[in-house]
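1. Just a sequence and a predicted model for now, questions to come.
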Amino acid sequence: MARGPRALLLALWALAALARPSSGSGEAGGGGWLRGGPAAAAVAEEERCTVERRADLTYAEFVQRYAFVKPVILQGLTDNSRFRALCSRERLLTSFGDNIVRLSTANTYSYRKVDLPFQEYVEQLLHPQDPASLGNDTLYFFGDNNFTEWASLFRHYSPPPFRLLGTTPAYSFGIAGAGSGVPFHWHGPGFSEVIYGRKRWFLYPPEKTPEFHPNKTTLAWLQDTYPALAPLERPLECTIRAGEVLYFPDRWWHATLNLDTSVFISTFLG
């Protein structure tokens, strides 16, 4: 009989999969999206947060202290309650269920693409991450958005008011199941806002390459690699909740883990 953390996560994944909501699930609080799963159980309630939260940040201070230096969590800079209401499970399926979306595999260096109707993704693939699955077996809806088809939704989104000189913002919208996530990777600077659910982030500065397997999920990394890290080897980390925005500077390594089924949108500064 299997024992240890992996057996516990497999059992929790099975229970969470049985709890998947039907299309008629209530909208209150979580927008009809599934909450909880193996990832939530793997992160202790007394979670570590080593990223600053700021509710009173000015643009001048943002540029001086964070934009080129370190991540920061922004609170209360925009009101996206209207956008959030439009992102409930029922409303997205009603408005965009027939749209073809492009999914990517959740690994670091090789992204296989799969096209299928949005409704099929939500109803058949948006379940808790199997802890035993590899990244190239996990399909993830993030980016590759058809901005013409989704324009009626995106026009209601208010991005963070901070910009960097010489960059142009571009949106990337996503929805992913509990326990899923993207393993460590890096790119240009940007913001990421959680609309529904909770998303845990792990971040390293550019000069500190993390130890990870590019085809193992973040959930597997959290289970297998994270516990053995010495305190000085641990990443910056925090759980971003609905309405909060994480800013990450250029070339910072980061991995994500959705603690619930999560709806989120990033503003990349390219």
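-> Thanks, I have it.
2. Grab the nearest non-local neighbour of Arg35.
-> Residue nearest to Arg35 in three dimensions, not counting chain neighbours: Asp260, with 4.4 Å by C-beta to C-beta, 6 or more residues apart in numbering. Backbone N, C-alpha and C define where each C-beta goes, glycine included.
3. does Arg241 really touch Ile195, like I thought?
-> No. Arg241 is beyond contact range of Ile195, at 10.5 Å (criterion: C-beta atoms under 8 Å).
4. what about the helices in the stretch 101-250 of the chain?
-> Taking DSSP state H, counting those that start in this stretch, the helices of the stretch 101-250 of the chain run over residues 118-120, 151-154, 218-224.
5. which one of those helices is the most hemmed in?
-> helix 218-224 (a mean of 22; mean count of other C-beta atoms under 10 Å).
6. export the helices of the stretch 101-250 of the chain to TSV and tack on distance to Thr78?
-> As requested, these are arranged in TSV below (distance: least, C-beta to C-beta, whole Å):
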stretch	distance to Thr78
helix 118-120	25
helix 151-154	14
helix 218-224	27
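7. In TSV, list those along with distance to Leu236 and mean pLDDT.
-> TSV is the format used below for the helices of the stretch 101-250 of the chain (distance: least, C-beta to C-beta, whole Å; pLDDT from 0 to 100):
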stretch	distance to Leu236	mean pLDDT
helix 118-120	33	97
helix 151-154	29	94
helix 218-224	15	92
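8. just to revisit the earlier point, of Arg241 and Ile195, who's got more company?
-> Neighbours were counted for Arg241 and for Ile195 using other C-beta atoms under 10 Å; Ile195 has more, 23 against 15.
9. And the pLDDT at the more buried one?
-> Ile195 is assigned 97 on the pLDDT scale.
10. And for the one 3 residues further on?
-> The predicted structure scores Arg198 at 94 on the pLDDT scale.
11. which ones are touching it?
-> If you count contacts by C-beta atoms under 8 Å, 6 or more residues apart in numbering, Arg198 has them with Ala40, Thr239, Ile240, Arg241, Ala242, Asn258, Leu259, Asp260, Ser262.
12. can you tell me how far it sits from Cys238?
-> Arg198 is 10 Å from Cys238, where distance means C-beta to C-beta, to the nearest Å.
13. Also Gly181?
-> Distance of Gly181 to Cys238, computed by C-beta to C-beta: 14 Å.
14. Neighbour count for the two, which is higher?
-> Higher neighbour count among Gly181 and Cys238: Gly181, with 28 against 21, using other C-beta under 10 Å.
15. For the more buried one, give me the backbone phi and psi.
-> Here the main-chain torsion angles of Gly181 (degrees, to the nearest 10) amount to phi 170, psi 180.
16. For stretch 104-116, give me every contacting residue.
-> Outside stretch 104-116, the residues that touch it by C-beta under 8 Å, 6+ apart are 100-103, 134-140, 142-144, 180-185, 212, 214-215, 217.
17. Now intersect the residues you listed with the strands, please.
-> Among these, the members found in strands (DSSP state E) are Ile100, Val101, Arg102, Leu103, Leu139, Tyr140, Phe142.
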